[in-house]
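Asks: need a structure here:
(2 chains)
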Amino acid sequence: MNKPRTIIEKIWDAHVVADKPGVPTLIYIDLHLVHEVTSPQAFDGLRARGLKVRRPDLTFATVDHSIPTTPRSLPITDQVAAAQVARLEANCKEFGIPYFGFHSEQQGIVHVIGPENGLTQPGMTVVCGDSHTATHGAFGALAFGIGTSQVEHVLATQCLLQQKSQTFEVRVEGALKPGVTAKDIILALIAKIGVGGGTGCVFEYTGSTIRALSMEERMTVCNMSIEGGARAGLIAPDDTTYEYLAGRRFAPKGAQWEAALARWRQLPTDEGAQYDRQVYIDAGALEPMITFGTNPGMAIPVTDPVPDPSGVADPMERESLAKALQYMGLQPGKPLLGQRVDVVFIGSCTNSRMSDLRAAATVLKGRKVNPQVRVLVVPGSQQIKREAEAEGLDRIFREAGAEWREAGCSMCIAMNGDQLQPGQYSVSTSNRNFEGRQGKGGRTFLASPLTAAAAAVTGVVTDVRTLL
Amino acid sequence: MKKFEKFSSRMVVLPVDNIDTDQIIPARFLKTISKEGLGDQLFYDWRYEADGTPKADFVLNKPESKQRQILLAGDNFGCGSSREHAPWALTQYGFRAVISTSFADIFKGNALKNALLPVTVPRDVHAWLFAHPESVVTVDLEARSIILEDGRSVEFPVDEFYRHCLLEGVDELGYILQQEDAIRAYEASRVCELNTLA
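Replies: Numbers count the residues shown, from 1 in each chain, chains lettered A, B, ... in the order given. Predicted structure coming up:
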């Protein structure tokens, strides 16, 4: 009998093109997603060598990072961004790559449109020049971010030289309490293991809590694997996965669907397979989480006080925490509840899907946004935007006093003019609270769509459970 | 790519853990379609005032830092975004090596492709370097070691393939392109149902 394997090892083994001593393994890539920011220099590299794109039929491009989220009838006024978008369009045309452009009805955040269109499928290797490629792991795919040099490698050869990662099981068991979401699971994990805790590893999320999550919630969890240091994080496919995929534009159809299902059912980790590392999370004990510092590992239950650096033994760690609190303008030992908020951002590849918008709408329905707060709701794709409008969610947001915008990365990365002013505080459903991430001098609290919507209403950091 | 040769330098010291790539180069500079001109944007928000004047007390702005080729930083250097603009900006400033106790996976891969050597050292050596911030360090990739000013030689892990590529100035894509037969054989061996052009 064969040695029991994890799903991570099964996908890896199935994609080995060459394995030579003294050289990293050459692996094949099934889906390469491309966006405007990390690709222009890669296409230049191809031209300089006179190379073609080897598999345009396994490649897909869209624009998301640098585009405005104002109405699409308006032009891109930032000339540098406009040139970058134009360059991607020209590169796609030159190399024959399918592309959802700025005016496409299918445009959206690259990690939202892949799953939405059935491009992301179980057992695949998926890469993109973006660290949140981990999102696609929700489908039982081995999906990870790459740099621009590797974007060029994959465009040219559909292959990558890659070191095999360690396997790291993240087992989550139990039922979530009301007001606690997928976002709180992943924030709690990162707080537990730290932002470097998964370095060198791929996470597999297992356990009853994960099984009970919808595909959208699974994407939220996998999305932030990189914030725990793991390049990828995945969840074995099951009926929830197949139900989501069936009938999507690029998903297999008919006999091919049946054959694919039979293959996908072989993917889950074998009984008795060993992981290199493991961690356990008791979902029933989780509270709504929020970050207080300048990396995603600096997260606490929303009702907890801000941690005190004087209680930290390691000197550099103590200094880092003190520096973070100074940047954030927070007092150690004081509650975070009641902290003033200037902006609420609901969006990003972490939390911009229908269930996220619905969750925010349950809090905002029939309520008003606090007059001191600017609220941006940015759907992950134009398709989500239409679906939300058909459901009337846009009206709930607008009537509450929130802005309802076009699809894109927006204030998660603040490249497109959607940004905080120096000193402003935001509660954001995105994935990074690094210094200046949402605008130079801006201060970010990461949280779930529920917690973000609660802050929108009250104007301060709030335990959403008091509003449910 | 130029061959990576043995060199000695004093260090630029940044005693901060978990330095993310958004600090190394903020996202607003990523709208460029070029690899060039990023050295001045390195650590921009730590380095310049709101009006763009350099902060005199920030280490990169000190005149002596300009000649230094080694960055000494806290744990888990390069976490966050996959932007290769981070090693581009570091090398364009003049760095050839970064010393830390650990590096984020994507950053490490990107650095090795751009002749920027990530040097992982044990905690005690890391602490010694911080205690001797003006010391000269010799980086010897051939010997897989750094030599400290007190004469100690400290080995660091480096993948054999990347060591070879750096020492010989060979680029990785050239190697992958030579694997055409294996790639073709692999493609012929399996069902692939996705067609993004359909």
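
Asks: when you work out contacts or count neighbours from here on, use the C-alpha atoms and nothing else.
Replies: Will do.

Asks: which residues are contacting stretch B:5-21?
Replies: A:195-196, A:316-317, A:319-320, A:434, B:59-60, B:65, B:68-83, B:86, B:130, B:133-142, B:167 (Cα atoms under 8 Å, 6 or more residues apart in numbering or on different chains).

Asks: change it to 7 Å
Replies: A:316, A:320, B:59, B:65, B:68-81, B:86, B:133-141, B:167 (Cα atoms under 7 Å, 6 or more residues apart in numbering or on different chains).

Asks: let me see the mean pLDDT of stretch A:121-137.
Replies: Taken as a whole, stretch A:121-137 has an average pLDDT of 98.

Asks: next one, pLDDT for the residue lying closest to residue B:24 once chain neighbours are set aside please.
Replies: Excluding its sequence neighbours, the residue lying closest to residue B:24 (Cα to Cα, 6 or more residues apart in numbering or on different chains) is residue B:43, at 4.5 Å. Per-residue pLDDT puts residue B:43 at 98.

Asks: residue B:43 touches residue B:23, doesn't it?
Replies: Yes - contact criterion Cα atoms under 7 Å: residue B:43 and residue B:23 qualify, at 5.4 Å.

Asks: before we move on, back to that, out of the contacts of stretch B:5-21, list just those in helices.
Replies: Among these, DSSP state H puts A:316, A:320, B:86, B:167 in helices.

Asks: what comes up buried for stretch B:1-20?
Replies: B:4, B:8-14, B:16-20 (16 or more other Cα atoms under 10 Å in any protein chain shown).

Asks: so can I have JSON lines of the residues you listed showing pLDDT and secondary structure?
Replies: Output for the buried residues of stretch B:1-20, formatted as JSON lines (pLDDT from 0 to 100; DSSP: H, G, I helix; E, B strand; the rest coil):
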{"residue": "B:4", "pLDDT": "96", "secondary structure": "coil"}
{"residue": "B:8", "pLDDT": "98", "secondary structure": "strand"}
{"residue": "B:9", "pLDDT": "98", "secondary structure": "strand"}
{"residue": "B:10", "pLDDT": "98", "secondary structure": "strand"}
{"residue": "B:11", "pLDDT": "98", "secondary structure": "strand"}
{"residue": "B:12", "pLDDT": "98", "secondary structure": "strand"}
{"residue": "B:13", "pLDDT": "98", "secondary structure": "strand"}
{"residue": "B:14", "pLDDT": "96", "secondary structure": "strand"}
{"residue": "B:16", "pLDDT": "92", "secondary structure": "coil"}
{"residue": "B:17", "pLDDT": "94", "secondary structure": "coil"}
{"residue": "B:18", "pLDDT": "96", "secondary structure": "coil"}
{"residue": "B:19", "pLDDT": "97", "secondary structure": "coil"}
{"residue": "B:20", "pLDDT": "98", "secondary structure": "strand"}
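
Asks: direction included, what does the lengthiest strand in chain A pair against?
Replies: When every strand of chain A is counted residue by residue (DSSP state E), the longest turns out to be strand A:166-173. Sheet partners assigned to strand A:166-173 using DSSP bridges are listed as strand A:201-206 (parallel), strand A:277-282 (parallel).

Asks: average pLDDT for the last one?
Replies: Per-residue confidence for strand A:277-282 averages out to 98 on the pLDDT scale.

Asks: can I get the CA coordinates of it in CSV?
Replies: Only the C-alpha atoms of strand A:277-282 are listed here, as CSV (Å, rounded to 0.1, in the frame of the first residue of the first chain):
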residue,chain,number,x,y,z
ARG,A,277,3.3,20.8,12.0
GLN,A,278,-0.1,21.2,13.5
VAL,A,279,-2.1,23.7,15.5
TYR,A,280,-5.6,23.5,17.0
ILE,A,281,-8.2,26.2,17.3
ASP,A,282,-11.4,25.9,19.4
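
Asks: which helix or strand in chain A has the lowest average pLDDT?
Replies: The weakest-scoring helix or strand in chain A, judged by mean pLDDT, DSSP states H and E, is helix A:315-328 (a mean of 93).

Asks: gap between that one and the chain center?
Replies: Counting by Cα atoms, centre = their mean, to the nearest Å, helix A:315-328 is centred 26 Å from the centre of its parent chain.

Asks: again, but for stretch A:301-318
Replies: Distance of stretch A:301-318 from the chain centroid (Cα atoms, centre = their mean) equals 27 Å.

Asks: can you list contacts of it?
Replies: In contact with stretch A:301-318 (Cα under 7 Å, 6+ apart) are residues A:287-290, A:292, A:321-322, A:331-337, A:463, B:16.

Asks: go with 8 Å
Replies: For stretch A:301-318, contacts defined as Cα under 8 Å, 6+ apart pick out A:286-290, A:292, A:300, A:319, A:321-322, A:330-337, A:461-463, B:15-17, B:74.

Asks: all strands of the stretch 251-400 of chain A, in order?
Replies: With strands called from DSSP state E, counting those that start in this stretch, the stretch 251-400 of chain A shows them at A:277-282, A:289-291, A:299-301, A:343-346, A:374-377.

Asks: which of these sits closest to residue B:38?
Replies: strand A:343-346 (29.5 Å; Cα to Cα).

Asks: show me what the closest one is packed against.
Replies: Judged by 3 or more Cα pairs under 8 Å, 6 or more residues apart in numbering or on different chains; DSSP states H and E, the packing partners of strand A:343-346 are strand A:374-377, strand A:425-428, helix A:449-458.

Asks: possible to save those as a markdown table with mean pLDDT, mean neighbour count and distance to residue B:171?
Replies: Shown next, in a markdown table, are the helices and strands packed on strand A:343-346 (pLDDT from 0 to 100; neighbours: other Cα atoms under 10 Å in any protein chain shown; distance: least, Cα to Cα, whole Å):
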| stretch | mean pLDDT | mean neighbour count | distance to residue B:171 |
| --- | --- | --- | --- |
| strand A:374-377 | 98 | 24 | 44 |
| strand A:425-428 | 98 | 30 | 41 |
| helix A:449-458 | 98 | 29 | 44 |
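
Asks: any buried residues in the least confident helix or strand of chain A, and which?
Replies: By 16+ other Cα under 10 Å, the buried positions in helix A:315-328 come out as A:317, A:318, A:319, A:320, A:321, A:322, A:323, A:324, A:325, A:327, A:328.

Asks: of all the helices and strands packed on strand A:343-346, which one is nearest residue B:100?
Replies: With Cα to Cα as the criterion, residue B:100 lies closest to strand A:425-428 of the helices and strands packed on strand A:343-346, at 30.9 Å.
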